[in-house]
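1. Provided below are the primary sequence and the corresponding predicted coordinates.
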Number of protein chains: 2
Amino acid sequence: MINNKVVLYIAMSLDGYIARKDGSVDWLDDVEGDESDNGYGKFYDSIGTVVMGRLTYDEVLSLTDVFPYADKPCYVYSRSKQTEDPFVVFTHEPLENLIPRLKDTSKGDIWLVGGGQLVQAFLEKRLLDEIYVAIIPKVLGEGIRLFPKGTVPDTFKLLKIERMGQIVALSYKV
Amino acid sequence: MINNKVVLYIAMSLDGYIARKDGSVDWLDDVEGDESDNGYGKFYDSIGTVVMGRLTYDEVLSLTDVFPYADKPCYVYSRSKQTEDPFVVFTHEPLENLIPRLKDTSKGDIWLVGGGQLVQAFLEKRLLDEIYVAIIPKVLGEGIRLFPKGTVPDTFKLLKIERMGQIVALSYKV
C-alpha cells in the first residue's frame, strides 16, 4: 500500500510524561476508560508496521508474557547488539531511510509506539504524520516526557477529540 | 459568598508550557479559537477575586495599556518591594492564610491566573479546586511549565471537554 501514515499513538499524563523515569507505565493501570478497549482494537487493525525504541521494547516485554505485536512486522531502534527475538527486527538504520520505505511497503499505517528519544527524532526529521495522544488525568511530577526540552517548535492541526471515561484522546496532524 | 472555588484557568502548549522562558505568551496570538471569546467572558463574570504571581503580572502589564482586571480585587504574590499600582494588592502573606479567607469572603470564585511557581505552591498546599486548561496545538520546546518537575503527584477528575476551534479546553476537579 502506498503512502501509509506514520502515527504516534500514546498515553501522556497531564504534566507531559509517557512513562516513569525507569520506563514503567504502572500509573496507567487504574485509569478509568470506557467499557471496551478505548478504541485500541480499531486502531491496531489499521496498523501495518510497529516501530519503537529499545526502552519501550523492554517495558513491553516486562508487562506481558506474549509479545503483543507478534502478528505485525516490528522494528526496534537500538544502537547496541541485541538479544534474539523472532518477533522483532533490531535496527539502527537511519530513520530517514527506513520510514519512507515503510510508508511505501507497509500493509497499513506505521505505529510509532515510543519512547521519548525516538519521538524527538521523528519530529526533528519530520517523519511523523499524526499524533494521537490520550491524556490521562494525572500529574506524575517526573518521568520521561513525550516532548522533552529542546523539541523542535511546531504547530499541529487538531483533527479529533474523543472522551473515553476519564481519558481525553486528541488527534493532531503534524 | 461562602465557599467559592479556587480555579486555575490557563492556556498550555501541548508540551506543557504556559509561557516562554521570558514569560511572554505571544505564541497564543495566532491560535484559531471559536468566533467569540472562547468562553472567557462567562468565566470572568463568575470570578470575584484574581490572584497571580509577579512574573505573570509583569507580562499582563506588557500586553495591555489598561489593566484588564481593574474591576475586581487582584492580589499579586511577590517577595520584593513593589511599585505603586492602584489596581492590585502586592502580598507575600502565606497562601494558606489568604486563600481560605478569600474563599469565605470573595464575591465569586478565585481565579489563579499563573504562573508556574504559584501553581506549584497551590498544588502543594492543596488550595486548588479546579483546573481549566486550554490546550494549544503547539510545541514550544522550552519555557515555563505548568507542572514543573517535582510537582506533587496527583489524580484529577475530568469534568468537561470543550472544543473551540483549534483549542481543546479540559476541566478537572483537583
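-> Looks like it arrived, so ask away. Residues are numbered from 1 along each chain as shown, chains lettered A, B, ... in the order given.

2. Could I get the average pLDDT for stretch A:31-51?
-> Per-residue pLDDT over stretch A:31-51 has a mean of 89.

3. Would you check that A:Glu130 makes contact with A:Leu170?
-> No: using Cβ atoms under 8 Å, A:Glu130 is not in contact with A:Leu170, being 10.8 Å away. All C-beta spots, glycine's among them, are computed from the backbone N, C-alpha and C.

4. Between these two, point out the one with more neighbours.
-> A:Leu170 (23 against 19; other Cβ atoms under 10 Å in any protein chain shown).

5. got the contact list for the more buried one?
-> By Cβ atoms under 8 Å, 6 or more residues apart in numbering or on different chains, A:Leu170 lies in contact with A:131-133, A:135, A:158, A:160-161, B:135, B:168.

6. Find the nearest non-adjacent residue to it, please.
-> A:Val133 (5.4 Å; Cβ to Cβ, 6 or more residues apart in numbering or on different chains).

7. Is the residue positioned nearest the centre of chain A part of a helix or strand, or is it coil?
-> The centre of chain A sits closest to A:Val113, judged by Cα atoms, centre = their mean, with a distance of 2.1 Å. Three-state assignment for A:Val113 (DSSP: H, G, I helix; E, B strand; the rest coil): strand.

8. For the closest residue to it other than its chain neighbours, name its beta-bridge partners.
-> Nearest in space to A:Val113, with sequence neighbours left out and distances taken as Cβ to Cβ, 6+ apart, is A:Met52 at 3.9 Å. Applying DSSP bridges to A:Met52 gives these bridge partners: A:Val76, A:Gly114.

9. Contacts only, for A:Met52.
-> Residues near A:Met52 by Cβ under 8 Å, 6+ apart: A:60, A:74-77, A:112-115, A:118.

10. let's see it at 7 Å
-> A:76, A:113-114, A:118 (Cβ atoms under 7 Å, 6 or more residues apart in numbering or on different chains).

11. and of the residues you listed, the nearest to B:Val31?
-> Distances from B:Val31 to the contacts of A:Met52, taken as Cβ to Cβ, are shortest for A:Gly114 (27.2 Å).

12. hang on, the closest one packs against A:Met12?
-> No: using Cβ atoms under 7 Å, A:Gly114 makes no contact with A:Met12, being 10.1 Å away.

13. Show me the strands in chain A, by range?
-> Using DSSP state E, the strands assigned to chain A run over residues A:6-13, A:17-19, A:47-53, A:74-77, A:89-91, A:109-114, A:130-136, A:138-139, A:144-145, A:154-155, A:157-164, A:167-173.

14. Flag the shaky bits of chain A, pLDDT-wise.
-> A:1-2 (pLDDT under 70).

15. now with 50?
-> Residues of chain A meeting the criterion pLDDT under 50: A:1.

16. which bits of it sit near chain B?
-> With Cβ under 7 Å from any Cβ of the partner chain as the criterion, chain A meets chain B at residues A:14-16, A:137-142, A:147, A:149-158, A:161, A:163, A:166, A:168, A:170, A:172.

17. Can you get me a residue count around A:Val133?
-> 21.

18. That one: what's it in contact with?
-> So A:Val133 contacts A:10, A:12, A:170 (Cβ under 7 Å, 6+ apart).

19. is it true that A:Leu158 touches A:Lys173?
-> No: assessed by Cβ under 7 Å, A:Leu158 is found out of contact with A:Lys173, at 8.2 Å.

20. Of those two, which one has the most company?
-> A:Leu158 (19 against 13).

21. Show me what the more buried one bridges to in the sheet.
-> A:Tyr172.

22. residue contacts, it?
-> A:170, A:172, B:137, B:166, B:168.

23. I'd like to know how many residues surround the third one.
-> Taking other Cβ under 10 Å as the neighbour definition, B:Pro137 ends up with a count of 22.

24. Since that was my last question, I'll sign off now.
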